[in-house]
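S.K.: need a 3D model of the following:
(chains A, B and C)
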Amino acid sequence: MDYEPVIGLEVHAQLLTNTKIFCGCSTKFGEMPNSNTCPICIGLPGVLPVLNRRVVEFTMKMALATHCRINGRNTFARKNYFYPDLPKGYQISQYAHPLAEMGYVDVEINGDTKRIGITRIHMEEDAGKLIHDEDQPLSYVDLNRAGVPLIEIVSEPDMRSPEEGAAYLRRLHEILVYLEICDGNMEEGSFRCDANVSLRPKGREEFGTRAELKNMNSFRNVQRALEYEIVRQREILEKGGVVVQETRLWDDYQGITHSMRGKEEAHDYRYFPDPDLVDLSLSEAWIEEIAATVPELPLEKRKRFLREYGIPPYDAGVLTTSRALADFYETVAELCGKPKIASNWVMGDFLAYLNENKLEVPESPVEPEALADLINLIDDGTISGKIAKEVFEVMWASGKSPEDIVEEKGLKQVADAGELEKVVDDVLKANPKQIEQYKGGKEQLFGYFVGQTMKATRGKANPQIVNDILKRKLSEV
Amino acid sequence: MELNRLTIHELSDLLKEGKTTSVEITESVLKRIEAADERVNAYITVTKERALEMAESADRDIREGKTGGLTGIPVAVKDNMCTEGVTTTCGSHMLENFVPPYDATVVRKLKEAGAVVTGKTNLDEFAMGSSTETSYYGITRNPWDLERVPGGSSGGSAAAVASDECIAALGSDTGGSIRQPAAHCGTVGMKPTYGRVSRYGLVAFASSLDQIGPITKDVEDCAIMMNAIAGYDANEATSVPEQVSDYRDFVSRDIEGWTVGIPKEYFIDGIDPEVLSSVNNAIKTMEACGATCREISLPHTEYCVAIYYIIAPSEASSNLARYDGVRYGFRQKGEEDLLDMYKATRSAGFGAEVKRRIMIGTYALSSGYYDAYYKKASQVRMLLRNDFDEAFKTCDIILTPTTPTPAFTIGEKMDDPLRMYLSDIFTLSTNLAGVPGIAVPCGYTEKGLPLGVQFMASHFEEGKLIQAASAFERNAGFTKRRPEL
Amino acid sequence: MAHLARLNFSEGEKETYTSQLNEILMYMDILNKIDTSDVAPMTHAISLINAFRDDVNGESLGTDRSLANAPEEAGDCFKVPRVID
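M.R.: The predicted structure follows:
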């Protein structure tokens, strides 16, 4: 029997607002426990939530970027359950009327594009952190994270393989980061994923029983967990058994999922509309205002780069890994008019220096205009490509313009044929033995003569002209 | 005349004229508390030192000519409103040692108006009750007859005002918890429109119904208190940015030509005959003032109790989930397992009535029952609200009894919760519809127990309530007494 | 239901509560008399929408004040018993 996996993913992303969703405490990560807390997020008696407008704006942005239908009227609900990291004994979330529904993202897998549906996107508050004691049966509660704004993005069960799952996640991740609404840091927990996995016989419409997978803290682990779970379920079904609907935790160390049954009970969340929060009404005007702030997204940008700049897909991929990098590249490409060469420089030397110095694009000491100038200097023959690399290094260290550096260091390419003829003559005169060997058939010595000429001109000779002169002179000898 | 017997406006005049000081007034009130509160038990916490400090500060302000609406006036606060640095217990074992790090907005406003806070008054546990018999800190007795309840849940505040243990007090009203005790204790009590007075810092019982309001000796004092506490608060999403009138402006106006609606559904069998006759007298008084009283219908009145006792406990069950022994309040020690700790803490920390309502609420919200109970109740609530909207198209105000009976005896209704719930029947509707209501003294029974009549007005028409209540007060024609305590 | 609400009851209490609750809940059945098929549920007593705050830092209590009412603490955290399986 041929089974196909059916996968749905639920992503929780922490929003990059300054303050929490319902109070003015900071959302900064890594602070001393229980220092970013106030009566509201501690859930003291008598407190009330008031919604952070920016959370709504960020959520609208994501909804627009994923082609969702935005619900003009949306409401908040209480999700009631008891846990020490949940201060009020309920989480404020959205249930009946989420902010957005029925969207999609297009995902590239092995050269094909697949559309993955998004069921809904809604806003909710994060819970605090519960740390378990290693030795004693105790736990410790830190409420810094309680009240940090989250958006929950629920996909349709449209994915049919772990690869599709991972690709979908990466797409969501890059959109969130591009929109600058989430920093996408899976280790710090600002981007989390739970998965729903089931199998069904190929061709069948009905879904099989699914398991919910939790505790996967990287893209790789999501893929590994999905792969493991699919195998596990297939084995059960092939033996004629039945898959149990349950929550399973991924164990990264052992590489398995194991059941939470016994620890988890069926939750009756008793959702009801939160009486403390009034309805949200999102006007067309406001939605349009937000839509205008949604930048060109990575997929569209890559397509446009291919179209407009004719660079290969690999290049487009690297150059669009961040908005800042893509913007940097475009400025260089536009100014020098040589998109492929610009691409080589940005992907090559520029990224190398950034990574080595652990800098982000906006922190680069080299402006895109300067790089464009450098490329133009190569193009018009002022300097050679090799010299340009030296110049770039100095540009990085000093922030000076390429023209100034070339001037100061006298690095202008020697392109005067007459001058170079003299140099070549000197080289040939100084190396009679090699000429003999060359004439005798050791053709690779040509490079030796080129090298000597370069050395004599301290690298400034125009290589093309040197080549021509050498070829002519060696044939005359 | 003892200073503690006077009203806010009388004392304010004396203060302005330099004939007394806030310290003198406060000391008079504190003396009265010492004399009476052992028997009445209106207070859970008396903040004697703080009060005197505030009084001294008020006197300094008065000397410098800086006076607010309540400068120098001793006011008590129901113990379900957070007061920074002062224990706030909600009448419960669960919060016995809870000291809030913040003031409720209304408390902050009282302080800004120059009031002297005398302490925290007793209440039914977590404001759930109609008799102030469920408090962990003992029952409060009605100053008019110590064998009777003062009403609830704001029984402590009403009793304190009635026995001059404060000049005025704040109460909270979810289903009648200001108006019913006000009526039973012979004081004025107002529940404002939902959203008129900030709920921030009021320990939530039923979030869509709760409101804070004043309990005072007369209608003018009620207006003064409302001026101090009403208004928009950015800390509350359900706070309404509606302009606050100067409620004192409405105090001496007459009601010539007004239409007073008398809803027939409020005149049911089972109303005590003395209550009924006092309301009929009130109708005559209104007519004597030049108003026309006519019968109206609020057809969905019979469903009020059912709607209320689904919605309020549902919201309460969620609001009280935070009392889990983790971050504050009582925790049952010695429990090694988290689940055991939760259950032991909540079972020991809450009293029987609170637990009962949590159970009702949990049930009404649970899957499979939500539609039949909570959702259905919310829908009928809308119909009830429509009743009021219709009625106020043709009436300026509505007049009804406040309670079906005068204050009942202690212990009388404790065994039969349903009977206790039915005693709220006349006050619940305003909370459900969100409209304001006021209880005003209208006479006494043969036995000398106070009676109160209730006025209701449309949303944000507290001015009309003050106007009607004060006209009534001027013309009701009975002599005001004091409890013999 | 008691478990959902995290409450314990003794056997005697269970009986009393059950009968009281049943009485109360039966009383609620009168709501079924009414046709509410066209009626929107009333979730708020007021018709406000869009109550927001700006994304601006307010005052936090700091660790000491946040833990001031804690029944049990350890260092900077609230301390609770573990869930024992």
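S.K.: residue boundaries of the strands in chain B?
M.R.: B:43-46, B:74-78, B:116-121, B:168-173, B:188-191, B:211-216, B:259-263, B:292-296, B:397-401, B:437-444, B:450-456 (DSSP state E).
S.K.: which among those strands is found nearest to B:G334?
M.R.: Counting by C-beta to C-beta, B:G334 lies closest to strand B:43-46 out of those; the figure is 27.4 Å. In this view, the C-beta of every residue, glycine as well, is placed from N, C-alpha and C.
S.K.: neighbouring strands for the closest one, and are they parallel or not?
M.R.: strand B:116-121 (antiparallel) (DSSP bridges).
S.K.: run the chain-centre distance for the strand it pairs with.
M.R.: 15 Å (C-alpha atoms, centre = their mean, to the nearest Å).
S.K.: alpha carbons of that strand, as PDB, please.
M.R.: Only the C-alpha atoms of strand B:116-121 are listed here, as PDB (Å, rounded to 0.1, in the frame of the first residue of the first chain):
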ATOM      1  CA  VAL B 116      -8.700  60.800  53.100                       C
ATOM      2  CA  VAL B 117      -9.000  57.000  52.700                       C
ATOM      3  CA  THR B 118     -10.000  55.500  56.000                       C
ATOM      4  CA  GLY B 119      -9.700  51.800  55.200                       C
ATOM      5  CA  LYS B 120     -11.100  48.800  53.300                       C
ATOM      6  CA  THR B 121     -14.600  47.600  53.800                       C
END
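S.K.: now it and strand B:168-173, what's the angle there?
M.R.: Interaxial angle, strand B:116-121 versus strand B:168-173 (axes from the mean of the first three to the mean of the last three C-alpha atoms, to 10 degrees): 40 degrees.
S.K.: ok, now how distant is B:Q454 from chain A?
M.R.: 25 Å (C-beta to the nearest C-beta, to the nearest Å).
S.K.: likewise for B:L384?
M.R.: 16 Å.
S.K.: B:G290 now?
M.R.: Taking C-beta to the nearest C-beta, one finds B:G290 at 40 Å from chain A.
S.K.: tell me the contacts of that residue?
M.R.: B:254-258 (C-beta atoms under 8 Å, 6 or more residues apart in numbering or on different chains).
S.K.: and if you look at A:P295?
M.R.: A:178-179, A:323.
S.K.: that older thread, winner for burial among the strands of chain B?
M.R.: strand B:188-191 (a mean of 33; mean count of other C-beta atoms under 10 Å in any protein chain shown).
S.K.: name the nearest residue to residue 43, sequence neighbours excluded.
M.R.: You didn't say which chain, so I picked chain A. A:P87 (3.0 Å; C-beta to C-beta, 6 or more residues apart in numbering or on different chains).
S.K.: switch to chain C, that's the one I care about
M.R.: Using C-beta to C-beta, 6+ apart, the nearest residue to C:T43 is A:P273, at 4.3 Å.
S.K.: go on, B:L485?
M.R.: Using C-beta to C-beta, 6+ apart, the nearest residue to B:L485 is B:P143, at 4.8 Å.
S.K.: A:T27 now?
M.R.: Closest to A:T27 by C-beta to C-beta, 6+ apart is A:V148, at 5.0 Å.
S.K.: A:D194 now?
M.R.: Nearest to A:D194 is A:E10, by C-beta to C-beta, 6+ apart, at 4.6 Å.
S.K.: hey, C-alpha coordinates of the lengthiest strand in chain C in PDB?
M.R.: In chain C, with assignment by DSSP E, the single longest strand is strand C:77-81. Listed next in PDB are the C-alpha coordinates belonging to strand C:77-81 (Å, rounded to 0.1, in the frame of the first residue of the first chain):
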ATOM      1  CA  CYS C  77      11.800  33.300  40.000                       C
ATOM      2  CA  PHE C  78       8.500  32.100  41.400                       C
ATOM      3  CA  LYS C  79       8.900  28.600  42.700                       C
ATOM      4  CA  VAL C  80       6.200  25.900  42.200                       C
ATOM      5  CA  PRO C  81       6.000  22.200  42.700                       C
END
